[in-house]
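>>> Please find the sequence and the predicted model below.
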Amino acid sequence: MEKRNIKRNSNKRGGCRRFLRIIEFGFYASAFICALVFSALALLFFIYSKDLPSLNSLDFYSPSSGNTPDSKWSQATQILARDGSVIGEFYEEDRVILEIEKTPDVMKKAIIAVEDERFDKNHPTAWIRRCGIDPIGIIRASIKNFITRRTVQGGSTITQQLAKNLFLTRERTLKRKIQEIILAYKIEANYTRDEILERYLNKVFFGNHAYGVASAASRYYGIDLRKSGSTLTLGQAAMLAGLAKAPTAYAPHKYPDRAKARQKIVLQRMVDCGYISESDIDSAIEVFWKDFDPKKVNVPENDSATFELKVTQAGYFLEYVRQELLKIYTDDQIKRGGLIVHTTLDPRMQTLAEAAVSRGLLELTKEVKANRVSLAKGPLESALLCINHKTGEILAMVGGSSWGENNQFNRAVQAKRQVGSAFKPLVYYTALSETATLATVIRDEPITIDGWTPHNYDARYHGPVLPRTAIAHSYNVSAVQMLLIAGIQNVINTIGKDFGIDNSKMQPYPSLALGAFEVSLLEMTSAYSAWANGGIRYTPYPIEFVEDRIGTSKTPFISSNNEISKPEVSYLMTSILQSVVRNGTAASSVGRVIGNIPAAGKTGTTDDYADAWFIGYTPTVTCGVWVGFDERRTMGRGMTGGRAAGRIWANFIKSVFKDTKPGSFPNPSLKNISSVSICALSGLRPSPDCIDIITELFLPGTAPTDICSIHSDPSRLQEFLYGASAASDTEVSLWPDQVNIGAQQKPLSAERQALMELIDAEAGPSPVRRDSPSIPIQHNAF
């Protein structure tokens, strides 16, 4: 019995030893495996940490750091109007860096609650979160994902997401996950929680091309968080925080039901974190959806574009600004560099300009249809440009009927069209700068030059006329005669030198007097601005200066100025161009509309009513308007410069000065310009026999001294009036309608006034032979 017990005890001890050996083996095997796994992981961490990106990319610009923006932090370039308001942005990623101090507290809490609750150091279990990772969060997410057999929850912390979004690709590999953990550890070791959260909120994508919370608030709610006092409601913050997970799926303007459900989840998480109470959920949701307007969400036109232009106002102007920026900056700097571009645009005037063009095109389109002109090939278009002629600042620019993805051609700058009679003042300026005066008699009678015979719009000739009358009523024959007085080549040289118009393709043909060449609205408006500014022309410019986000670097865009050859002639030009508005071709369409606003300008119409122009100025601004089709074709009979372009110009100017004083033109006498009485027919000093006496302006030393004697001798008067035409059958109509500013003058006859209102008394250039030779300088005998 005793032996049996000894044997039994021995077996027990042997079993225990075997069990202990198994446990010991298991322990050592586990230790070995753990050591092997740890070594493998350590080796992987060592290997994968070698090609980790530098953390320098986290040091984006902020006012406190002053660091140079890294390419990882692509920022939108903002375009500001002259009053500082944002009118548009250029961007690859629509991002505007927002400092953590300006980020609404409710936004911080919402994103922490839904993305990484232990990120808040005040959280009861915040101690579990170490080195940028959350073990509990990873385990919880893994269990949920295993149960559902799909990814329903992520375990990454805010720090891990920042590392992944900023440095790594979205591929799901062991290497990327290890690098993510290493980077998260390094980020937590080198940055404070506020710095990490600031970078996360500026990096995360909220959909709708919005990167960062500032851009998202602007696009979805129209709120500029950079402005002092700007904030978000609880519902707005919860909605944005919910978008971070799946921006497209939860877009509130596209999928409101999904978005509301996601918003409620975020709010419930905020309750769980102790940020808000349970009762706040329903009220926050109710207020949000009551105020939220899907139509006001700023949706990009091309959702798949890699480069975008966000237009708040003045799309054509913004694109023109971009083209000007490309002269100094690279395309990458413009769309990623976060520049702040200060422009010359006046938002109020831009709004008025767009309204005037829109209203004008609506009315004119009806008239074009009434003329049986088809719109199948494209709509009627218009362009308007307004500049401050004292500086060259572009105050308003409308490049077409409506800015859009399929209508970005800027007709104010890019289009070059024949200008018609709006060119005539440049001819008269050149002649007045040479030997002509406002008393020079022009013979408006049949003339043929190398087989080409110009005609007046009313199919009549007007005999001897003075420059003021000829330009006020836009006589074509008189303009050609004045071109011969000035000299064709001299005119070409002058418009290039004094007015900056590209004359490289101009040919020395007599039809040049009638605007038979192509020019842009920008060039013509700039040319007229020289007379408006007393003979000094500033090159029109859209940008004042450009600065970086820190404000440490400013690049000015300086406008050049040029004094024209004869600045004193500007005062004569302003005087006679006032006649166009008061008594000439623009009297009914412009003069009557603007009333007492001082204005000077000229109409222009090309052959077959294909282009309508009006270029004019007040004492403070110069403005040009063009109307026509993109594909050159007729708008229908009667669509003259006055009727089409002049109407838009007048409505715009009238609205601009509705509540603002327009100022007044300088008194010519202050520039040693004298007012002298002359005979309205001969241009000489009046005699007792003269019937019509007017007062005209003259530069020093140019006033006539001879006394008129043609009225005392009938035969001499007959010869003066009709000359070579006296014996022909050519009809010569001489109306006593000399036009004069500030002088004793006779009103237009009823017949003449009716005709003026009907046909606007102007025409465009007639065809001319392409081999017409250059005409040498000639001078009229009178």
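Sure thing, it's come through.
>>> only C-alpha atoms for contact and neighbour calcs from this point on.
Fine.
>>> Going by neighbour count, which residues in stretch 596-608 are buried?
Buried residues in stretch 596-608, counted by 16 or more other C-alpha atoms under 10 Å: I597, P598, A599, A600, G601, K602, T603, G604, T605, T606, D607, D608.
>>> shouldn't P619 be in contact with K661?
No - under the criterion of C-alpha atoms under 8 Å, P619 makes no contact with K661, lying 10.1 Å away.
>>> Same drill for these two, tell me which one is more crowded.
More crowded of P619 and K661, by other C-alpha atoms under 10 Å: P619, with 20 against 10.
>>> mind checking how far that one is from S283?
Using C-alpha to C-alpha, to the nearest Å, we find P619 at a distance of 57 Å from S283.
>>> swap in Q507?
75 Å.
>>> who has more neighbours, these two?
Applying other C-alpha under 10 Å to Q507 and S283 shows that Q507 carries more neighbours, namely 19 against 12.
>>> Give me the secondary structure label for the more buried one.
Here Q507 is coil, with the state taken from DSSP: H, G, I helix; E, B strand; the rest coil.
>>> and if you look at I79?
Look at I79: counting by three-state DSSP, its state is strand.
>>> tell me the pLDDT at it?
Listed pLDDT for I79 reads 93.
>>> surely it meets V341?
Yes - at 4.8 Å, I79 and V341 qualify as touching, with contact defined as C-alpha under 8 Å.
>>> joint contacts of these two?
Taking C-alpha atoms under 8 Å, 6 or more residues apart in numbering as the contact criterion, no residue touches both I79 and V341.
>>> S520: which of the buried residues of stretch 596-608 is nearest?
G604 (13.2 Å; C-alpha to C-alpha).
>>> Using PDB, write down the CA coordinates of the helix or strand hosting W626.
W626 belongs to strand 622-628 when assigned by DSSP states H and E. What follows is strand 622-628, C-alpha atoms only, in PDB (Å, rounded to 0.1, in the frame of the first residue of the first chain):
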ATOM      1  CA  THR A 622     -14.000 108.100 -68.900                       C
ATOM      2  CA  CYS A 623     -16.200 105.300 -70.200                       C
ATOM      3  CA  GLY A 624     -16.500 103.400 -73.400                       C
ATOM      4  CA  VAL A 625     -19.300 101.100 -74.600                       C
ATOM      5  CA  TRP A 626     -19.500  98.700 -77.600                       C
ATOM      6  CA  VAL A 627     -22.500  96.700 -78.800                       C
ATOM      7  CA  GLY A 628     -22.600  94.100 -81.600                       C
END
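>>> pLDDT of that strand, averaged?
Along strand 622-628, the predicted confidence averages to a pLDDT of 97.
>>> and that strand, which strands flank it?
strand 381-388 (antiparallel), strand 611-617 (antiparallel) (DSSP bridges).
>>> Contacts for that strand next, please.
With C-alpha under 8 Å, 6+ apart, strand 622-628 has contacts from 380-389, 412, 521-522, 524-525, 528-529, 532, 610-617, 635, 644-646, 648-649.
>>> switch the cut-off to 7 Å
For strand 622-628, contacts defined as C-alpha atoms under 7 Å, 6 or more residues apart in numbering pick out 380-389, 521, 525, 529, 610-617, 635, 644-645, 649.
>>> could you measure L572 against D607, distance?
The gap separating L572 from D607 is 29 Å, by C-alpha to C-alpha.
>>> Show me the domain layout of this structure.
The record's domain parsing of the chain by automatic domain parsing lists 97-300, 670-756.
>>> which stretch in the ones you listed is the model least sure about?
Among the domains of the chain, domain 670-756 scores lowest, with a mean of 69.
>>> circling back to that earlier point, from the buried residues of stretch 596-608, pick the one nearest R417.
The shortest approach to R417 among the buried residues of stretch 596-608 belongs to T606, at 9.2 Å (C-alpha to C-alpha).
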